[in-house]
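Student: My questions concern the predicted model and sequence given below.
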Amino acid sequence: MGDEPPAVRGLTPDMDGCAGRYGDLKAAEGDIWARLGRAVVDRRSPWHTPVLATVTADGAPALRVLVLRGVARAERRLRLHTDIRSAKVGEIAAEPRVGLLFYDKAAKLQLRVSGTAQVAHDGAEADSAWAATRLFGRRCYTAPVAPGTPAPGPVSGLPAELEHREPTREESETGRPNFAIVLVEVVRLEFLHLAVTGHRRGVLTWDPHGRGWEGRWLVP
Ligand SMILES: Cc1cc2nc3c(=O)[nH]c(=O)nc-3n(C[C@H](O)[C@H](O)[C@H](O)COP(=O)(O)O)c2cc1C
C-alpha cells in the first residue's frame, strides 16, 4: 500500500458507481441496455450522440455522429434518424454491417456496438418516428439539395424562409420525403470500463440458436 502513487490512494473500484456492474457480464449487459434506454430520453447523456461507422464503396471507413432515437432491448434494436439522400444510406444498402461507438466520460465507459442496419423510409415505424419529430428537428429534412452536395460557400442548405425560424407543421411536411429511420439489429456489445484499479473489458455476443447473449472477458 505504501508504494501506491498518491493519486490512487483512497480510490475503490466502486467510486464511480458502476464498477460493480462491470465485474459481472450479466449485470454489465443489463446496465448497458439500461444506459442506452436512458440515453434516448436524456439529451445530456453522452450516449445520446454515438458515432455511426459504415463502409464506403471503396472499403474505407466512414464515421459520423448521430442522435440515438430509440432502443428496444427485446428486439436488440437501436433506432436512428437520417436524410435518405445522405451518403450513409447508400453505404448501408451496399454493406449493412455497421458499428456504433459510445463513450461516457463520467462513467468511464466505452461501448462498441456491432450490428446489421436497414433503412426504412415508408411504413408504420418511419411514420410514427416522423410524427414524433419536433418541428425544429423536421427543418433539417426540408433542405432542397442533398446533404453532402458541394456548395458555393458556407450555406445552411435550408430554404431561405426557414433559415431563422421553426417551420409550421405544414411547411415541415416538405421534409417527410427525405426522412428515414435506420434500424440497427445488435449482434455484439463490447464494453471497456476504465478504473484506476484495473480496467475491465468484456464482449457480449448474440447467440441466435440459444437466443441469448454469450459473455466473455477480454484483457483490456
Ligand atoms: C451532435 C450531432 C448530432 C447529429 N445527429 C444526426 C442525426 O441524428 N442524423 C443524421 O443523419 N445526422 C446527424 N448529424 C450529422 C452527421 O454527423 C453527418 O454530418 C450527416 O448525417 C452526414 O453524414 P453522411 O454524409 O456520412 O451520411 C449530427 C451531427 C452532430 C454533430
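Tutor: Structure received. Computed from a predicted structure; not experimentally measured.
Student: use CA for all of it now, contacts and neighbours both
Tutor: OK.
Student: quick check: longest helix of the protein.
Tutor: Ordering each helix of the chain by length in residues (DSSP state H) puts helix 25-41 first.
Student: Alpha carbons of that one, in PDB - could you do that?
Tutor: The C-alpha coordinates for helix 25-41 follow below in PDB (Å, rounded to 0.1, in the frame of the first residue of the first chain):
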ATOM      1  CA  LEU A  25     -21.100 -10.000 -17.500                       C
ATOM      2  CA  LYS A  26     -24.800 -10.500 -16.900                       C
ATOM      3  CA  ALA A  27     -25.000  -7.300 -14.800                       C
ATOM      4  CA  ALA A  28     -23.000  -5.500 -17.500                       C
ATOM      5  CA  GLU A  29     -25.500  -6.500 -20.200                       C
ATOM      6  CA  GLY A  30     -28.400  -5.200 -18.100                       C
ATOM      7  CA  ASP A  31     -26.500  -1.900 -17.300                       C
ATOM      8  CA  ILE A  32     -25.700  -1.400 -21.000                       C
ATOM      9  CA  TRP A  33     -29.300  -1.700 -22.200                       C
ATOM     10  CA  ALA A  34     -30.500   0.500 -19.300                       C
ATOM     11  CA  ARG A  35     -27.900   3.200 -20.200                       C
ATOM     12  CA  LEU A  36     -28.900   3.000 -23.900                       C
ATOM     13  CA  GLY A  37     -32.600   3.400 -22.900                       C
ATOM     14  CA  ARG A  38     -31.800   6.400 -20.800                       C
ATOM     15  CA  ALA A  39     -29.600   7.900 -23.500                       C
ATOM     16  CA  VAL A  40     -32.600   8.100 -25.800                       C
ATOM     17  CA  VAL A  41     -34.600  10.400 -23.500                       C
END
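Student: what sits up against it?
Tutor: 21-22, 45-48, 68-71, 73, 202, 204, 215-217 (C-alpha atoms under 8 Å, 6 or more residues apart in numbering).
Student: Of those residues, which count as buried by neighbour count?
Tutor: With burial judged by 16 or more other C-alpha atoms under 10 Å, the buried subset of the contacts of helix 25-41 is R21, Y22, S45, W47, H48, L68, R69, G70, V71, G202, L204, G215.
Student: Enumerate every residue touching the spatially closest residue to V119 that is not a sequence neighbour.
Tutor: Excluding its sequence neighbours, the residue lying closest to V119 (C-alpha to C-alpha, 6 or more residues apart in numbering) is V182, at 4.5 Å. Shown in contact with V182 (C-alpha under 8 Å, 6+ apart): R79, L80, H81, T82, A117, Q118, V119, A120.
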